[in-house]
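Peer 1: I would like to see how this sequence folds:
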Amino acid sequence: MKILITGGAGFIGTHLSRSLVTEGHEVRVLDNFDPQIHGENNQLAEDLQDSVQLINGDVRDKETFFNALEGVDTVVHYAAATGTGQSMYDIPHYESVNVLGTTNLIDFLVNHADRSRIRKIVMASSRAVYGEGSYRCPEHGTLNPGSRNVKDMQKGIYEPMCPHCSVQLESIPTKESERLSPTSFYGLTKQFQEQLILMYCENVGISGYALRYQNVFGPGQSLNNPYTGILAIFSTLARENNDLSIFEDGMETRDFVYIDDVINATNLCLRPENEGVEVFNVGSGMSTTVTEVAEQIIKHFDSASKINITGAFRKGDIRHNKADLSKIDTSLGFMPKWSFAQGIIEFLNWAQTQEKPTIEFERSLKELKKAGQYFTKAR
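Peer 2: Okay, here's the model as predicted:
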């Protein structure tokens, strides 16, 4: 296959490029090397520079994007602005990258003479399209409760409540059939991306897959970006013996999925024998609390850092979410091989070899406060 990976110089794209090159595919990468993610770097990983064609450009630039699409038969669409908190106030940036970039892809496919060569599109969607995702009420059954109430959270009530009877809900794995109810502008743009791409693929009869990645982690992820990734933030702070501040009560959970499992799931979708238009969850199917993450990181580095449970919270953040993997297991035979406990050791061992980054986390909080998206617990 001749494959274009948009945003392919990023964390997941780099790992996918390595895998595809090893399998003998011709890989082209389009990336703008956003400094928030890449710092001062503007090159592919050294081991890929001779085997992957790089186009340094932006998906918002139609001419550049169209040139990158010429001659390929498969597109992996990773280019996106990521991060729920930042998306709640930097709306024009998220709209331009995620929405305009994707409409440029569809414009090429609909109106360009070379569109008939492209037979498959795989895109990175996100668990953010669900919002809170699936919960169970003893009386009202399975439901998606939507955004949490700010006044409740300021009182220290962080768990979602049933909108019908106000009983605390139990988090359960979220299926792909769950109602989409994003609680952040980022989640809304990912919903738009996947619906636009899958509608096009369905209409013209090519294969399309939207992969709703959970919290992807592993060696190679950005350590510079203060808007995404508590693993990067916490590991940097712990290496300096600085205290770790945790939002809410520290019992919020995430489904952390290791990079090798993400690449495996993506490769399954790229195989020629797998065809169709589908949405799949890609995760570990397991929940890990933020406090557990902090404790493991401090222990790994034998750090003197302390954990501060702040009670503060951000609009747009969810309380819990973990993936139901039954559909991707049945359809593609995918099941994760890595646990969080195994993967975090690999990530932290790698992080320890990297130059300590300067993460402007406090600046990001100031921006959130200024935009009315950051709250402290009422006293």
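
Peer 1: and after whatever helix or strand residue 85 lives in, which helix or strand comes next?
Peer 2: For residue 85, the element it lies in under DSSP states H and E is helix 84-87. Next along the chain after helix 84-87, taking DSSP H and E as the criterion, comes helix 91-94.

Peer 1: and the next helix or strand past that following helix?
Peer 2: For helix 91-94, the succeeding helix or strand toward the C-terminus, using DSSP H and E, is helix 101-111.

Peer 1: and the angle from the very next helix or strand once past that following helix to helix 101-111?
Peer 2: Next in sequence after helix 101-111, counting helices and strands by DSSP H and E, comes strand 120-126. For strand 120-126 against helix 101-111, the angle by axes from the mean of the first three to the mean of the last three Cα atoms, to 10 degrees is 160 degrees.

Peer 1: please name every helix or strand in contact with strand 120-126.
Peer 2: Applying 3 or more Cβ pairs under 8 Å, 6 or more residues apart in numbering; DSSP states H and E, we find strand 120-126 packed against strand 74-77, helix 185-204, strand 207-213, helix 259-270. The C-beta positions use only the backbone N, C-alpha and C, and glycine is treated the same way.

Peer 1: neighbouring strands - and their directions - for it?
Peer 2: When pairs are called by DSSP bridges, strand 120-126 turns out to pair with strand 74-77 (parallel), strand 207-213 (parallel).

Peer 1: tell me which residues of the very next helix or strand once past the longest one are tucked away?
Peer 2: Same thing as strand 207-213. With elements assigned by DSSP H and E, the helix or strand that comes after strand 207-213 is strand 215-217. For strand 215-217, burial by neighbour count (16 or more other Cβ atoms under 10 Å) applies to 215, 216, 217.

Peer 1: helices or strands next to the helix or strand just after strand 215-217 in the packing?
Peer 2: As assigned by DSSP H and E, the chain's next helix or strand after strand 215-217 is helix 230-239. When contacts are defined as 3+ Cβ pairs under 8 Å, 6+ apart, helix 230-239 packs onto strand 244-246, helix 290-301, helix 340-351.

Peer 1: what about 10 Å?
Peer 2: strand 215-217, strand 244-246, helix 290-301, helix 340-351, helix 361-370 (3 or more Cβ pairs under 10 Å, 6 or more residues apart in numbering; DSSP states H and E).

Peer 1: got the angle between that helix and helix 340-351?
Peer 2: Angle, helix 230-239 to helix 340-351, by the same axes, to 10 degrees: 60 degrees.

Peer 1: helix 290-301 and helix 230-239, what's the angle between them?
Peer 2: Going by the same axes, to 10 degrees, helix 230-239 is angled at 40 degrees with respect to helix 290-301.
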